[in-house]
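Novice: A structural model of the following input is requested.
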Amino acid sequence: MSVATRREALLDQETTHFAPVDWLMLAGVALTWGASFLFIDIGLEHFAPTLVAFGRIAFGALTLGAFPAARRPVPRSEWPLIAAMGVTWMAIPFVCFAVAQQWIDSSLAAMINAATPLFVAVVAAGAVRQLPTRFQVTGLIVGFSGVVAISLPSVGSGSNALGIGLVLLAACLYGFAFNIAAPLQRRHGALPVIWRAQLVAVVLVLPAAVVGATQSSFGWDSLLAAVALGSLGTGLAFFWFTTLIGRVGSTRGSVAIYLVPVVAILLGALLLDETVHLAAVLGTALVLAGAYITSRPRPG
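Specialist: Residues are numbered from 1 along each chain as shown. This next block holds a predicted model:
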């Protein structure tokens with residue numbers, strides 16, 4: 001696809017308002033991904049980080065593989081892009097999150113992850129040579145300011161710098177993955193693309209998971225958390241999100257990431273006794289405002 005054609009497709013996506021189904025998918029993604037950080041924490045109670053990451057991908061692949069549409073053929077020429085998506089969206093980031101949450105709170109991991117739309121916008125702009133609109137730039141800045149406001153108290157309390165760096169690396173890789181996923185989804189549908197990317201990630205993470213299994217113990221709570229993490233967060237939510245960015249574009253669709261910390265903060269406070277600071281409440285308001293502004297359509 002030429003640069004001009006990609007630009008035309010991007011502009012067409014960004015001049016339409018979110019339909020009700022788009023908002024439903026966005027909400028479903030935010031809820032399930034927000035809960036994923038809680039499930040990771042529970043999984044780490046008994047399982048090594050690489051085993052948590054592997055279980056997440058494997059149960060996600062099993063869930064999507066149950067849908068006949070996931071097994072629709074995809075041209076062999078698309079496999080390099082699908083493999084790249086498996087690496088940048090699943091294999092490396094999922095290990096990063098699991099390792100990072102040994103040292104940092106689940107809510108903080110979700111807050112830092114909310115920087116993803118910034119990386120998505122930068123990669124998208126470079127790919128199609130089309131700068132974000134003023135509305136999108138404003139929304140991204142407002143939303144990221146909210147992320148900073150949420151994160152500062154936790155950073156100030158001495159959260160591990162390596163853990164924060166790993167989550168930032170994952171968010172950066174997501175910037176590439178989401179832009180790879182959008183055109184693939186438009187050409188072949190979400191299920192075939194996501195399922196094959198998960199299969200690639202399963203193969204890549206398996207050796208590390210085998211080593212991790214020798215360092216793990218069994219616990220039903222951790223196993224059930226891994227099942228939920230995979231089936232919901234890496235199965236259904238990935239299908240919804242890939243469909244969403246195929247419909248509205250990678251930059252606008254990625255605002256779902258801004259809503260994830262809201263869910264993670266609430267679950268962390270209610271179930272993990274994590275502290276919620278006033279700055280986090282104010283930052284959450286900025287996050288919601290940034291998500292709304294960024295989701296506005298590009299003027300026709």
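
Novice: how many residues are close by the nearest residue to Val99 once chain neighbours are set aside?
Specialist: Leaving aside its sequence neighbours, Val99 sits nearest to Pro49 (Cβ to Cβ, 6 or more residues apart in numbering; 4.5 Å). For every residue, glycine as well, the C-beta is placed using N, CA and C. Neighbourhood size, Pro49 [other Cβ atoms under 10 Å]: 24.

Novice: from what I can see Pro49 touches Trp103, true?
Specialist: No - using Cβ atoms under 8 Å, Pro49 is not in contact with Trp103; the gap is 10.7 Å.

Novice: any residues in contact with both of those two?
Specialist: Contact criterion Cβ atoms under 8 Å, 6 or more residues apart in numbering; residues shared by Pro49 and Trp103: none found.

Novice: now the longest helix along the chain: buried residues?
Specialist: The residue-count maximum for a helix in the chain (DSSP state H) belongs to helix 161-188. By neighbour count with 16 or more other Cβ atoms under 10 Å, helix 161-188 contains the buried residues 163-164, 166-168, 170-185, 188.

Novice: please apply the same query to stretch 188-204.
Specialist: Result for stretch 188-204 [16+ other Cβ under 10 Å]: buried residues 188-202, 204.

Novice: quick one, what contacts the residue lying closest to Trp33 once chain neighbours are set aside?
Specialist: With Cβ to Cβ, 6+ apart as the criterion, Trp33 has its nearest non-adjacent residue at 4.9 Å, and that residue is Val260. Shown in contact with Val260 (Cβ under 8 Å, 6+ apart): Ala30, Trp33, Gly34, Phe37, Ala110, Asn113, Ala114.

Novice: for His277, grab the count of nearby residues.
Specialist: Neighbours of His277 under the rule other Cβ under 10 Å: 16.

Novice: shaky segments in the stretch 201-300 of the chain?
Specialist: Under the criterion pLDDT under 70, the flagged ranges of the stretch 201-300 of the chain are 250-251, 254, 294-300.

Novice: make it 90
Specialist: 233-300 (pLDDT under 90).

Novice: the residue lying closest to Gly86 once chain neighbours are set aside: which element?
Specialist: Leaving aside its chain neighbours, Gly86 sits nearest to Val200 (3.3 Å; criterion: Cβ to Cβ, 6+ apart). Assigned by DSSP states H and E, Val200 falls within helix 190-213.

Novice: and what of Val147?
Specialist: Using DSSP H and E, Val147 falls in helix 134-156.

Novice: off-centre distance for that helix?
Specialist: Centroid separation for helix 134-156 versus its chain: 17 Å, with Cα atoms, centre = their mean, to the nearest Å.

Novice: what residues sit buried inside it?
Specialist: By neighbour count on 16+ other Cβ under 10 Å, the buried set for helix 134-156 is 135-136, 138-140, 142-144, 146-151, 153-154.

Novice: which of the residues in the helix or strand that Met25 is a member of are buried?
Specialist: Met25 is part of helix 20-43 when elements are defined by DSSP H and E. Using 16+ other Cβ under 10 Å as the test for burial, helix 20-43 gives 22, 25-26, 28-43.

Novice: I appreciate the help and will end here.
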